[in-house]
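[1] below is the sequence, then the predicted model.
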2 protein chains.
Amino acid sequence: MTVTDPRIRSAVQALPGSRIREVANAAMGRSDVLAFWFGESDEVTPQPIRDAAAQSLAAGETFYSHNLGLASLREALAGYLASLHPAVSPARLAVTSSGVSALMLAMQLLVDAGDEVLAVTPVWPNLTAQPAVLGGVVKRLPLTVEPGTGRWTLDLQRTLDAVTPHTRVLLLNAPNNPTGWTLSRAEQQTLLDHCRRTGTWIVADEVYERLYYAPSASGCAPSFLDIAEPQDRVIVAHSFSKSFLMTGWRLGWLVLPEGLADQAAKLIEFSSSCAPVFVQRAGEAALQLAQGFVPALQAQMQQRRDQLVGGLQAIPGIRVAVPDGGMYAFFAVEGQPDSLAFAKQLVRDHGLGLAPGVAFGPEGEGWLRWCFASREAARLDAGLLRLRQALGR
Amino acid sequence: MTVTDPRIRSAVQALPGSRIREVANAAMGRSDVLAFWFGESDEVTPQPIRDAAAQSLAAGETFYSHNLGLASLREALAGYLASLHPAVSPARLAVTSSGVSALMLAMQLLVDAGDEVLAVTPVWPNLTAQPAVLGGVVKRLPLTVEPGTGRWTLDLQRTLDAVTPHTRVLLLNAPNNPTGWTLSRAEQQTLLDHCRRTGTWIVADEVYERLYYAPSASGCAPSFLDIAEPQDRVIVAHSFSKSFLMTGWRLGWLVLPEGLADQAAKLIEFSSSCAPVFVQRAGEAALQLAQGFVPALQAQMQQRRDQLVGGLQAIPGIRVAVPDGGMYAFFAVEGQPDSLAFAKQLVRDHGLGLAPGVAFGPEGEGWLRWCFASREAARLDAGLLRLRQALGR
């Protein structure tokens, strides 16, 4: 698909364009499509969060902010994190202009051209694209599918074998987009111990930690923040997008090891300089709501998950496991090996918008991702009906 | 100053921290400082622009946007640019999360590790830091100071000699921060012709084009957009920050050669994914105001420039030229060769906050930058009085 253009970097040309967008383009201009392809709820950001931004604008907060974010927001983030994990000093936090920006900053901090980055896959394509932008060499470590259940799991020994002293970064996204795979505490500890020996950085994309449905004391997925020491080579990236219905705001944060915030501040200066103050005020309002809002959102998401996965499991020829975390059902359809072609057919002929598994790497080929972050349960049922009609089952 | 940390990239550690912030830190917590150190007006964003964002939030526009920005904003930007330059198709525009982000995206598009980037200096430090983050090799081409007048000018022949087929990017910021130096149309044409021969990209940071005070038909500095063909290797970076008093909003745009928007869209996806829709709506409102607002801002800035530069020229031992563009007076003080030490002394002992010239590279050593984007003329006069007292002149 890529047309060679001698004018720009081949590393950039080689980056795949979004296959999800390719499917969405096939439905351009149609209003009859039920779209579940993007990783975003269809619910507007809560009013108090929007109000906080509007009040900040009215108060004239339209100037540059500190590279690392408002001191008050960093304090609030530290308090929020302390309600879920061992306390982290605000001095280890950097407010970023989105979760994806947080991850790019982590890559900029760590990855020289030629450095090896090992990513557990399938995964959100941005994670593997970012080190490639920096000239890093990305290796993929595929999860394994249990044949009967369709559940994706980590082969821990294979992972340990793959992480060597040549591995600059181990890139993990758990709960995982798209599979819902989640790391256990024991797996995290084993990986951390091993990476301490090899000198490998762990960069953990934990933006789905609050969308976790297995029993837990904190209502939160296992996190490297629970076990890492302040000096460990561990960076955790976070976002307001998923837990607070704030996708469009572009606000996230990094938890850094001790002593690296100043280096991150420089990179933020050179990337976007700071997040808008009125967006940061919205983030403060979100954190004030967190105690009640996030568990309610989590409960609603769990209902949607059970509804959608139950509906899918009832369709003959579909293989899908109940995901422990995230907001996606990832499923395989018998007789449909080409996920991109099938996703295009689904949207073209049946008005059902799903993401093709191949968008998340070759490991995802033959699978489809369905985002269940739907405000109305009926919308998911309508989608399920369209899928049944498409399959004639 | 840099402490070596074996954990992170040496290229990142080698990037200078902001010397401006170092001066500002020396005055932390003091309310009696007259601060002119940052490149930002002290005037709040106009009400109609803030209202547009608040209305968008009220309407629930809190979702992801297209990577390249709203179609309506790109259309409006094309219309705005057409009022100043030959028309550019919206298909060549990418909305970015700030001007600095626009420039980083341009570097990501073009600069592989080891590539040579030639920057005309002194210059805003972010411009030279960005290619270094990508592993590029940054060479500096200093402007020349006219000994008598303190005016900074380009040695065109030296520039042509320095741009060879090995030069991947020629990085230009004109009107220039900090010196106010501006490229003439003839110089732009000569540089473009030369870069066409060497295959060198021109990346032009033209964010100050509307803060231009020399006679011109369009009220706008000479731009590469006036002479470049759609296929030329020219990228122009822009921002809403300076012309619309929108520093804190983090909204900018790129003008790309034909056929590169899809590549830029991928890089935007991996950097911040999109600008918030409500921020983009504010940008649309700003462009609607542009016809009246920008010339009025330009006229006010010109008054402030004349007031400040006149005041500085009246102080014995100060060398300063009237800048044709930008929002800074850049001046040298006799007997003060160490700009960082002097700037710290000025803020500590006299409550006058200026940026040290060395923040913009070694070429700026011995100089100071004073931002004249002040709402109140009296504030500049108060600053001038403090400088006179400090100098005892």
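    Received, thanks.
[2] what about the helices in the stretch 101-250 of chain A?
    Assigned by DSSP state H, counting those that start in this stretch, the stretch 101-250 of chain A shows helices spanning A:125-133, A:156-162, A:185-198.
[3] so which of the ones you listed is nearest B:Trp37?
    Among these, the nearest to B:Trp37 by Cβ to Cβ is helix A:125-133 (32.5 Å). All C-beta spots, glycine's among them, are computed from the backbone N, C-alpha and C.
[4] just checking, what packs against the closest one?
    helix A:10-13, helix A:99-110, strand A:116-121, strand A:137-142, strand A:167-173, helix B:261-271 (3 or more Cβ pairs under 8 Å, 6 or more residues apart in numbering or on different chains; DSSP states H and E).
[5] now do whatever helix or strand comes next after the first one: everything it contacts.
    It stands for helix A:10-13. Next in sequence after helix A:10-13, counting helices and strands by DSSP states H and E, comes helix A:19-25. Residues outside helix A:19-25 that contact it (Cβ atoms under 8 Å, 6 or more residues apart in numbering or on different chains): A:35, A:37-38, A:340, A:343-344, A:347, A:353-356, A:358-359.
[6] I'd like the next helix or strand past helix A:19-25.
    Heading C-terminal from helix A:19-25, the first helix or strand you meet, by DSSP H and E, is strand A:34-35.
[7] touching chain B at all, that next one?
    No - Strand A:34-35 does not reach chain B (Cβ under 8 Å from any Cβ of the partner chain); its nearest approach is 11.4 Å.
[8] tell me the strands beside that strand, with direction?
    Strand partners for strand A:34-35, identified by DSSP bridges, are recorded as strand A:352-353 (parallel).
[9] pLDDT on the strand it pairs with, on average?
    The average pLDDT within strand A:352-353 is 98.
[10] contacts for that strand, please.
    Strand A:352-353 has contacts (Cβ under 8 Å, 6+ apart) with A:23-24, A:27, A:33-37, A:346-347, A:383, A:386-387, A:390.
[11] quick one, which of the helices of the stretch 101-250 of chain A is packed in tightest?
    The highest average neighbour count among the helices of the stretch 101-250 of chain A, using mean count of other Cβ atoms under 10 Å in any protein chain shown, belongs to helix A:125-133 at a mean of 23.
[12] just the CA coordinates for it, please, in CSV.
    In CSV, the C-alpha atoms belonging to helix A:125-133 read as follows (Å, rounded to 0.1, in the frame of the first residue of the first chain):
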residue,chain,number,x,y,z
PRO,A,125,-0.5,0.2,16.9
ASN,A,126,0.7,3.5,18.3
LEU,A,127,2.8,1.7,20.8
THR,A,128,5.0,0.0,18.3
ALA,A,129,5.0,3.0,15.9
GLN,A,130,6.5,5.4,18.4
PRO,A,131,9.9,3.7,18.9
ALA,A,132,10.0,3.3,15.1
VAL,A,133,9.7,7.0,14.7
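[13] ok so, going back, got a markdown table for the helices and strands packed on helix A:125-133, with distance to A:Gln336, mean neighbour count and mean pLDDT too?
    Shown next, in a markdown table, are the helices and strands packed on helix A:125-133 (distance: least, Cβ to Cβ, whole Å; neighbours: other Cβ atoms under 10 Å in any protein chain shown; pLDDT from 0 to 100):
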| stretch | distance to A:Gln336 | mean neighbour count | mean pLDDT |
| --- | --- | --- | --- |
| helix A:10-13 | 30 | 16 | 96 |
| helix A:99-110 | 30 | 26 | 98 |
| strand A:116-121 | 21 | 24 | 98 |
| strand A:137-142 | 20 | 17 | 98 |
| strand A:167-173 | 25 | 25 | 98 |
| helix B:261-271 | 27 | 23 | 96 |
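[14] distance to B:Asp42 added to those, as TSV?
    TSV is the format used below for the helices and strands packed on helix A:125-133 (distance: least, Cβ to Cβ, whole Å):
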stretch	distance to B:Asp42
helix A:10-13	39
helix A:99-110	28
strand A:116-121	44
strand A:137-142	46
strand A:167-173	42
helix B:261-271	30
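[15] out of those, nearest to A:Pro316?
    Of all those, strand A:137-142 comes closest under Cβ to Cβ, at 27.1 Å.
[16] what packs against that closest one?
    Partner elements for strand A:137-142 (3+ Cβ pairs under 8 Å, 6+ apart): strand A:116-121, helix A:125-133, helix A:156-162.
[17] can you do 10 Å?
    Here strand A:137-142 touches strand A:116-121, helix A:125-133, helix A:156-162, strand A:167-173, going by 3 or more Cβ pairs under 10 Å, 6 or more residues apart in numbering or on different chains; DSSP states H and E.
[18] where does pLDDT dip in chain A?
    Flagging of chain A using pLDDT under 70 yields the residue ranges A:1-3.
[19] residue contacts, the residue of it found nearest chain B?
    Per Cβ to the nearest Cβ, A:Ala113 is where chain A lies closest to chain B, at 3.4 Å. Taking Cβ atoms under 10 Å, 6 or more residues apart in numbering or on different chains, we find A:Ala113 in contact with A:11, A:131, A:134-137, B:11, B:112-114, B:134-135.
[20] next: A:Ser239.
    By Cβ under 10 Å, 6+ apart, the neighbours of A:Ser239 are A:96, A:98-103, A:205-208, A:246-247, A:249-253.
[21] was I right to think A:Ser216 contacts A:Pro222?
    Yes - counting by Cβ atoms under 10 Å, A:Pro222 is a contact partner of A:Ser216 at 7.9 Å.
[22] what do the two both touch?
    Common neighbours of A:Ser216 and A:Pro222 are listed as A:185, A:209 (criterion: Cβ under 10 Å, 6+ apart).
[23] number of nearby residues for A:Gly17?
    For A:Gly17, the count of nearby residues is 16 (other Cβ atoms under 10 Å in any protein chain shown).
[24] test my guess that it contacts B:Ala264.
    No - the pair A:Gly17 and B:Ala264 fails to qualify as a contact (Cβ under 10 Å) at a distance of 11.6 Å.
[25] scan chain A for its longest helix.
    In terms of residue count, the longest helix belonging to chain A (DSSP state H) is helix A:277-313.
[26] higher neighbour count, A:Ser216 and A:Pro222?
    For the pair A:Ser216 and A:Pro222, the greater number of neighbours falls to A:Pro222 (24 against 14), based on other Cβ under 10 Å.
[27] which ones are touching the more buried one?
    Contacts of A:Pro222 by Cβ under 10 Å, 6+ apart are A:174-175, A:182-189, A:206, A:209, A:212, A:214, A:216, A:325.
[28] mind running it again at 8 Å?
    Contacts of A:Pro222 (Cβ under 8 Å, 6+ apart): A:182-185, A:188, A:216.
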